[in-house]
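Colleague: what's the 3D shape of this:
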Amino acid sequence: TKQPIEARRWDTIDIRFVVPSPPTDPVDVDFAATFTLESRTSMEITGFYDDDNDYVIRFTPPEAGDWTYVTMSSHPSLDGQRGVLSVRSAGENRRGAVLVDPASRRRFVYQDGDGYYPIAFEADWLFALDAENGRDIPKTRMLVDSLSDNGFNQIVLNVFAYDVNWKKDESLDPQYDYGRPNVFPFKGSNQAPDHTGLNVEYFQRLDRVLDYLDRKGIVAHLMIYVWNKGVAWPEANSDADNRYFDYVVKRYQAYPNLVWDISKEALGYGHNDVGYITDRIQRLRQLDAFDRLVTVHDYGYCRRFPDQVDFVSVQLWSSELYGVMRSVCEAIPGKPILNIEHGGYERGPYVVFTGNYTSPEVCLERAYQCVFAGTFPTHYWQGAAWNVVIPDLSALPPAQRPRLDYYQHLASFVDRWRVDQLIAGDKLSNAGFSLHDDKDLILYYVPKECDFLGLRPPKGRASTMKLRWFDPFTGEYSEPFELEITRWPSVEAPPGQGFRLLVCELVGES
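Modeller: From the prediction side, this is the model:
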């Protein structure tokens, strides 16, 4: 009898199975296991080939207790194997997967019930930093640690991308250009692809990236495809395409820190059509036993087919961003909304892709406009978003480093004031925007153009407002001060060139 495998709730474990010799097409072998928790909960998990003679069932226990499993396979050596997992309660800081909050469909929660407020960062080529290093992932750790230390809790990355289609900065240091990598998820290379099989070693090395993100408490927003980055993809819906897609789902579905994105800019480059994207979503949902959240990086698709996605990803660059994001909320009710690309691409030491806005302060302003609209932001820095990646920020002169500290202040602000639980869209001032809890808390976004702000708190709630200013660039709060609620109460904005936030707490009986 096999010894029980020791595990913890919400920790990912690999159960390995060895065959005497791999079949001719090892990736295509049907292999799965049924896991049962004390005769009351059952899950069927598909396994995957992991090179040489190894197959793996990757499982993340959703509950503590004694789980039994039995395997099913078209390969005799993999069929009918049994075992037991002894699963203890979750370890410290393990919260489970991200879900849409059933009690409030605009927000996210972890499986343990705690709120999750995504502050995302796009790092498409994160897969490539250590993809040619078989021993370790030092560059990946450096960049991820910097992002984690500054409040980012979601990283948008590609399973694979090859190279950008725009002109590269002539001064670009080659050590920071990860375009045209010498790795490929299929056999052969991107220049000479062999789509008849998969390069399992490529995925083994990608595992390390997702595993490290999980250890850091960062959600991997994993884009399965990208059409405009030079990848030699197989023909859509061919056997090779389906083999790749299914393998990605089988291999990564168990990671609790995962959300799926079918493709970056899914309908933007004529690679396929709406039917193909819908087919991919349905195919994924049939394979993914863990029901990880699914989105599509294409607002047009999400707007037309909101029932196909769990949350909405939009790419909206409008100068007046707050109103545009509020319009999205009205057009697609009952879904969390992530502005995955708001047109702000913070400048770096090299020009990569400028979009419309490169000032770090303007990028931050746009992030807060997403927040105050009741939606979620994503940040891009030109030193890490695409093929150009500078993993060690300390290697740059201070003036060339990204202002990631701004997002540390943002993370602290949304956590302190439980922003994900506040109501957006109500006009409680004569300018700017507000969020409120419908009781005694109002947060005001005060545009940089405002010298004065007229406050319009709900009538009859209180006689006095306790106010304090928050500087989003320094993270500092002013000393609190009180203002009587008169017919037209007003405050003077503090000195400075940027926007400010005002925290208003209603106190005293009216």
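Colleague: Would you tell me which helix is longest in the protein?
Modeller: Scanning the chain for the longest helix, with DSSP state H as the assignment, gives helix 200-215.
Colleague: Identify the residues contacting that one?
Modeller: 12, 27, 49-51, 126-127, 130-131, 133-134, 137, 140-141, 144, 155, 157, 159-160, 183-185, 219-220, 222, 247-248, 251-252, 255-258 (CB atoms under 8 Å, 6 or more residues apart in numbering). All C-beta spots, glycine's among them, are computed from the backbone N, C-alpha and C.
Colleague: mind listing the helices for the stretch 101-250 of the chain?
Modeller: 138-149, 200-215, 239-252 (DSSP state H, counting those that start in this stretch).
Colleague: nope, the stretch 401-510 of the chain is what I was after
Modeller: Under DSSP H, counting those that start in this stretch, the stretch 401-510 of the chain gives helices at 405-416.
Colleague: and what of the stretch 251-400 of the chain?
Modeller: 274-287, 299-304, 321-331, 360-372.
Colleague: if you skip the residues just before and after it, what's nearest to Asp288?
Modeller: Gln253 (4.5 Å; CB to CB, 6 or more residues apart in numbering).
Colleague: same thing with Asp149?
Modeller: Nearest to Asp149 is Gln408, by CB to CB, 6+ apart, at 7.3 Å.
Colleague: check contacts around that neighbour.
Modeller: Asp149, Asn150, Gly151, Gly475.
Colleague: ok, back up a step: give the contact list for the residue nearest to Asp288.
Modeller: Ile45, Thr46, Arg58, Leu287, Asp288, Ala289, Phe290, Arg292.
Colleague: could you give the angle of the longest helix of the chain to helix 239-252?
Modeller: 40 degrees (axes from the mean of the first three to the mean of the last three CA atoms, to 10 degrees).
Colleague: gap between helix 200-215 and the chain center?
Modeller: Relative to the chain's own centre, helix 200-215 is displaced by 16 Å; criterion: CA atoms, centre = their mean, to the nearest Å.
Colleague: Over to stretch 231-250?
Modeller: For stretch 231-250, the distance to the chain centre is 22 Å (CA atoms, centre = their mean).
Colleague: what's the answer for stretch 407-418, then?
Modeller: Using CA atoms, centre = their mean, the offset of stretch 407-418 from its chain centre is 17 Å.
Colleague: what mean pLDDT would you report for it?
Modeller: Averaging pLDDT along stretch 407-418 gives 98.
Colleague: Ser24 should be in a helix, yeah?
Modeller: Rather than Ser, residue 24 is Thr. No - according to DSSP: H, G, I helix; E, B strand; the rest coil, Thr24 belongs to no helix; its state is coil.
Colleague: what about burial for the contacts of Gln408, which qualify?
Modeller: Among the contacts of Gln408, those classed as buried by 16 or more other CB atoms under 10 Å are Asn150, Gly151.
Colleague: In the contacts of Gln408, find the pair that's most separated.
Modeller: Spanning the widest gap among the contacts of Gln408 are Asp149 and Gly475, at 13.7 Å by CB to CB.
Colleague: what would the contacts of Gln253 look like in CSV with distance to Arg105 and pLDDT?
Modeller: Listed next are those as CSV, based on distance: CB to CB, whole Å; pLDDT from 0 to 100:
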residue, distance to Arg105, pLDDT
Ile45, 28, 98
Thr46, 29, 98
Arg58, 30, 98
Leu287, 25, 98
Asp288, 21, 98
Ala289, 23, 98
Phe290, 20, 98
Arg292, 17, 98
